[in-house]
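Undergrad: Here is my input, please return the structure:
(2 chains)
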Amino acid sequence: MSPDLLFQSVLTGLTNGFVYGLIGLGIASIFRGTRIINAMQGDFALIGGITAVLLLERQGWPMLPAFVAAVLIGGAAGWLLEVLLVRPLRRRGGTEDSYLLLTLGCAFAVSALVLYFVGRDSHALPGIGGEGIVVIADAAMRIHALWLIAISLAVMLTLRLFYSRTSLGLSMMAAALDPQGALTTGINVPLMRTLTFALGGLVGGLAGILVGPLITVYFDMGLLLTLKGFAAAILGGLANPMGAIVGGVTLGLLESIAIVTISSGYKDVIAMVILIIIMIVMPNGLLGRRTRKGG
Amino acid sequence: MPSTAAGTKPTLLWVAALLLWAALPFVATRHMVDLLVFAGLYSIAGLGVAFLLGQCGIVNLAQSVFYGIGAYSVAWFCARKGLPVPVGIASGIVLSVAMAAVVGWPILRLSGYFLALATLALGIIAQVLFLEWDWITGGTLGIGGIPFIEILGFTFDTPARFYFLVWPVALLLLVLHHNLLHSRAGLALRAMRDEPDAAAVLGIDIHKLKVQMFMLSAMLGSLAGSLFAHYVTFVSVDSFAIDRAISFLLLAVLGGVYTVWGPVLGALFITILPQWLSRLGDIHAFVFAAALIAAVILLPEGFGGAVTNWWQRRRTRRA
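TA: Below you'll find the predicted structure:
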């Protein structure tokens, strides 16, 4: 195989990797804040993506307001998920299995609603920087992909600063690590959990408008995105805030190497096999420190 | 109420149910009987998913894998190689059980979210492999010409006839399952679910037991898949996508995983409801999802649990 082809596939893998990383960042944030794995994180991306599509195509909104609205709708979806469904389940004594079934159910519901009201078609979102490309050492990369990488890194750094420097972020961490203790110091623990989900929704919505121009937006996109994001998150170690992006990029690169060496048809197989192996062999991920429950 | 009446009433109820069951294929439309056949097939596969969740706390999103293996074994051995029906069904079961052992051994060390998502990943892997390995599976074109099942010269070639094959098989499996739960193994299972540490102290090898149950569940999935292949006589990848595994889990949760016959209720629900809602387009997918959410929050024991509770309350009120 030519070095050009390899380099091109590395760039593609890198771009995909940041997408997985961004989804994984949302999953890891929600897990850190609530100890719940959110199986509808990929469907937050669908919500964000389809909102942007509808606003741009049917309402004729300009790009920036449509994108901002899409991200906010994603956040609102996270908020609603926690207040309307997760909280009642917690009150009735939710287990890991029941939270997973609940968020899976929400994922199916979102997917089914999009199918019912919008249809089966794939919708391409316009990329940031349009269709423009840059050429790096004979390999082409969309300007949008560069934006995607920059924004993902910015989100990661912002989240890190948010959780370590702001009092709201610290309160959210405290509420997750020691709910009783946090309550006694006057932290509104239920509100912190809601905000955690809203934050996850915002990150998911953002992922949706960033991934839309690459893989298009369609009703069925959520589940596989969730799984790959989850793979990214545990590859990086769920407890580590930087982890998801590192894990996502690793996964994306492994996938792209598999495509050029084996066959493009096996891309998802490779990702899923990696997911299973990582869970069994390296339960704390590449950068992991703390042991986690469940492995 | 006299005690004799109380004793005969349930028996009468059973006889009435049996008569209703036997009469249904003769009064219902062909399409409805077809749906009932699918409900029977899904009950068998869903039973496997349900007892894994109910007895071992395992969320299994990989039942489509074994359903597919069962169906493709039949297609391969009976349609392609012309071997007799029992060979196809048996080889499907052997392959599925072997696969469940090999895959289950490492994966069942996981628990909770991680196990559930690992099985979902398995389902996705199988979905791709069923498509890519088209030299075995026929890919999207599928494999046709699968023979009908024939027993003593009687061919199960119509929905009504197959109805009288699949439901007795399903009911037999339910009875066997009931007996399993009330045997020593069933006690071990319950101990494992409720007090895993105590069970381990008592010398129950929890991991081995889980793998064995996973193999049993795979067997049911494979059998259902084989019967499905003999019923529709044509298999293609669309029937074994991840949606199928999701619907097996859905029917188990909706029907209830703590009652033996819960999966039957769940299977009837998911096969017949889309028919009632068909005028509204694809809305049934949303109704299923909403039902799953509602069941998880409001009805953790499913329809089966709700009916049992209602029945018991009614009985205690009368007593």
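
Undergrad: Counting neighbours, what do you get for residue A:157?
TA: For residue A:157, the tally of surrounding residues (other Cβ atoms under 10 Å in any protein chain shown) stands at 13. To be clear about C-beta, it is placed using only N, CA and C from the backbone, and glycine gets the same treatment.

Undergrad: Residue A:142 bridge partners, please.
TA: residue A:133 (DSSP bridges).

Undergrad: isn't it right next to residue A:130, touching?
TA: No. Counting by Cβ atoms under 8 Å, residue A:142 stays clear of residue A:130, with 9.1 Å between them.

Undergrad: If you count surrounding residues, which of these two has more?
TA: Comparing residue A:142 with residue A:130 by other Cβ under 10 Å, the one with more neighbours is residue A:142, at 20 against 12.

Undergrad: what about residue 161, helix or strand, and which?
TA: Answering for chain A, as no chain was given. In this assignment (DSSP states H and E), residue A:161 forms part of helix A:143-165.

Undergrad: that's the wrong chain, I wanted chain B
TA: helix B:159-181.

Undergrad: which of the residues in the helix or strand following that helix are buried?
TA: Sequence-wise, the next helix or strand downstream of helix B:159-181 (DSSP H and E) is helix B:184-194. The neighbour-count check on helix B:184-194 (16 or more other Cβ atoms under 10 Å in any protein chain shown) flags B:185, B:186, B:188, B:189, B:191, B:192 as buried.

Undergrad: what does the stretch 1-150 of chain A put close to chain B?
TA: A:37, A:39, A:85, A:88-89, A:92, A:96-102, A:104-109, A:111-113, A:115-116 (Cβ under 8 Å from any Cβ of the partner chain).

Undergrad: Quick one: buried ones out of these?
TA: Of these, these count as buried by 16+ other Cβ under 10 Å: A:37, A:39, A:85, A:89, A:96-102, A:104-109, A:111-113, A:115-116.

Undergrad: May I see the buried residues of helix B:184-194 organised as CSV, with distance to residue B:122 and pLDDT added?
TA: Shown next, in CSV, are the buried residues of helix B:184-194 (distance: Cβ to Cβ, whole Å; pLDDT from 0 to 100):
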residue, distance to residue B:122, pLDDT
B:185, 25, 81
B:186, 26, 83
B:188, 26, 82
B:189, 22, 83
B:191, 27, 81
B:192, 22, 81
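
Undergrad: Out of these, which is nearest to residue B:245?
TA: When these are compared for distance to residue B:245 (Cβ to Cβ), residue B:189 comes out closest, at 22.5 Å.

Undergrad: Okay, now the unreliable bits of the chain?
TA: No chain specified, so I'll use chain A. Applying pLDDT under 70 to chain A flags residues A:1, A:241, A:285-295.

Undergrad: my bad, chain B
TA: For chain B, the stretches flagged by pLDDT under 70 are B:1-9, B:319.

Undergrad: for residue B:260, what are its contacts?
TA: Residues counted as contacts of residue B:260 (Cβ atoms under 8 Å, 6 or more residues apart in numbering or on different chains) are B:174, B:177, B:178, B:181.

Undergrad: show me what contacts the first one?
TA: Contact analysis of residue B:174 by Cβ under 8 Å, 6+ apart lists B:43, B:47, B:260, B:261, B:264.

Undergrad: Spatially nearest residue to residue B:21 (excluding sequence neighbours)?
TA: Ranked by Cβ to Cβ, 6 or more residues apart in numbering or on different chains and with sequence neighbours excluded, the top spatial neighbour of residue B:21 is residue B:167, at 7.0 Å.

Undergrad: and that neighbour, how many neighbours does it have?
TA: Neighbour count of residue B:167, defined by other Cβ under 10 Å: 22.

Undergrad: show me the contacts for it.
TA: B:21, B:36, B:40.

Undergrad: I'd like to know how far it sits from residue B:24.
TA: 10 Å (Cβ to Cβ, to the nearest Å).

Undergrad: Same check on residue A:173?
TA: Distance, residue A:173 to residue B:24, using Cβ to Cβ: 59 Å.

Undergrad: same question, residue A:50
TA: For residue A:50, the distance to residue B:24 - Cβ to Cβ - is 43 Å.

Undergrad: between those two, who's got more neighbours?
TA: residue A:50 (26 against 15).

Undergrad: Would you tell me what helix or strand that one is located in?
TA: Residue A:50 belongs to helix A:41-57, assigned by DSSP H and E.

Undergrad: Against which helices or strands is that helix packed?
TA: Using 3 or more Cβ pairs under 8 Å, 6 or more residues apart in numbering or on different chains; DSSP states H and E, the elements in contact with helix A:41-57 are helix A:3-34, helix A:63-80, helix A:96-117, helix A:189-215, helix A:222-236.

Undergrad: Pick the most deeply packed of those helices.
TA: Highest mean neighbour count of these: helix A:222-236, a mean of 28 (counted as mean count of other Cβ atoms under 10 Å in any protein chain shown).

Undergrad: Tell me if I'm right that residue A:208 and residue A:41 touch.
TA: No. Counting by Cβ under 8 Å, residue A:208 does not reach residue A:41; the two are 10.5 Å apart.

Undergrad: For residue A:47, give its distance to residue A:172.
TA: Per Cβ to Cβ, residue A:47 is found 22 Å from residue A:172.

Undergrad: doesn't residue B:261 make contact with residue B:302?
TA: No. The criterion here is Cβ under 8 Å, and residue B:302 misses it with residue B:261 at 10.7 Å.

Undergrad: More neighbours: which of these two?
TA: Applying other Cβ under 10 Å to residue B:302 and residue B:261 shows that residue B:302 carries more neighbours, namely 27 against 21.

Undergrad: so what's the residue nearest to the more buried one when sequence neighbours are not counted up against?
TA: Nearest residue to residue B:302 in three dimensions, chain neighbours excluded: residue B:256, at 2.5 Å (Cβ to Cβ, 6+ apart). By Cβ under 8 Å, 6+ apart, the contact list for residue B:256 reads B:50, B:262, B:265, B:266, B:301, B:302, B:303, B:304, B:305, B:306.

Undergrad: same thing but 10 Å
TA: Listed by Cβ atoms under 10 Å, 6 or more residues apart in numbering or on different chains, the contact set of residue B:256 reads B:50, B:54, B:262-263, B:265-266, B:295, B:299-308.

Undergrad: What of residue B:261?
TA: Residue B:261 sits next to B:43, B:47, B:50, B:170-171, B:174, B:177-178, B:255, B:303-304, B:307-308 when contact means Cβ under 10 Å, 6+ apart.

Undergrad: And for residue B:160?
TA: Contacts of residue B:160 (Cβ under 10 Å, 6+ apart): B:24, B:25, B:26, B:28, B:30, B:33, B:34, B:36, B:37.

Undergrad: if you set the cut-off to 8 Å instead, what comes out?
TA: Shown in contact with residue B:160 (Cβ under 8 Å, 6+ apart): B:25, B:26, B:30, B:33.

Undergrad: check which helix or strand covers the first one.
TA: Using DSSP H and E, the element containing residue B:25 is helix B:3-27.

Undergrad: what sits up against that helix?
TA: Contacts of helix B:3-27 (Cβ under 8 Å, 6+ apart): B:33, B:36, B:159, B:160, B:163, B:164, B:167.

Undergrad: mind checking the SS state of residue B:59?
TA: coil (DSSP: H, G, I helix; E, B strand; the rest coil).

Undergrad: Could you give the number of residues near the residue lying closest to it once chain neighbours are set aside?
TA: Spatially, and ignoring its direct neighbours in sequence, residue B:59 is nearest to residue B:116 (3.8 Å; Cβ to Cβ, 6+ apart). The number of residues packed near residue B:116 is 25, by other Cβ under 10 Å.
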